[in-house]
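**Q** Here is a sequence together with a model predicted from it:
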Amino acid sequence: MNKALIFGFAVALGLLPALGAVQAMEQAMEEEKTIYGSQLMTQEERDEYRARMRAATTPEEKAQIREEHHARMKARGEEMGVELPDEPPARGGRMGPGGGMGPGDGTGPGYGR
């Protein structure tokens, strides 16, 4: 079922606020996964990091915040005996490997043909 149809049903049933809450929870969980070393941070530290990133006005400033944070978390991990990967998690689309569209190059006849 596509998102537009689900959205239509949600509106018709008055469930839009509930869907918004679910989406907010999913987004928060996804953001937590993408913060390097989040498992070593308190909730307050994660909130502060997000606030700093939102307040940054240039890509360079965001990159600097990420680099400083990465170094801090790498050192904390070593102190705690937790091995973190050398690279922070990948940024970008949330689909993961393959892009979610299935195999093929897009030149086929399409669904149902």
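**A** Structure's in. What do you need?
**Q** Poorly predicted segments of this protein, please.
**A** Applying pLDDT under 70 to the chain flags the ranges 1-2, 4-33, 88-113.
**Q** Residues contacting the longest helix that it contains, please?
**A** Determined from DSSP state H, the single longest helix within the chain is helix 59-80. Applying CB atoms under 8 Å, 6 or more residues apart in numbering, the contact partners of helix 59-80 are Tyr36, Gly37, Leu40, Met41, Tyr49, Arg52, Met53, Ala56, Glu83, Leu84, Asp86, Pro88. All C-beta spots, glycine's among them, are computed from the backbone N, C-alpha and C.
**Q** Of the residues you listed, grab the buried ones for ChimeraX.
**A** Applied in ChimeraX, the following selects the buried portion of these according to 16 or more other CB atoms under 10 Å:
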select :36,37,40,41,49,84,88
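**Q** before we move on, the earlier item: list the buried residues of the longest helix of the chain.
**A** So helix 59-80, judged by 16+ other CB under 10 Å, has buried residues Arg66, His69, His70, Arg72, Met73, Lys74, Gly77.
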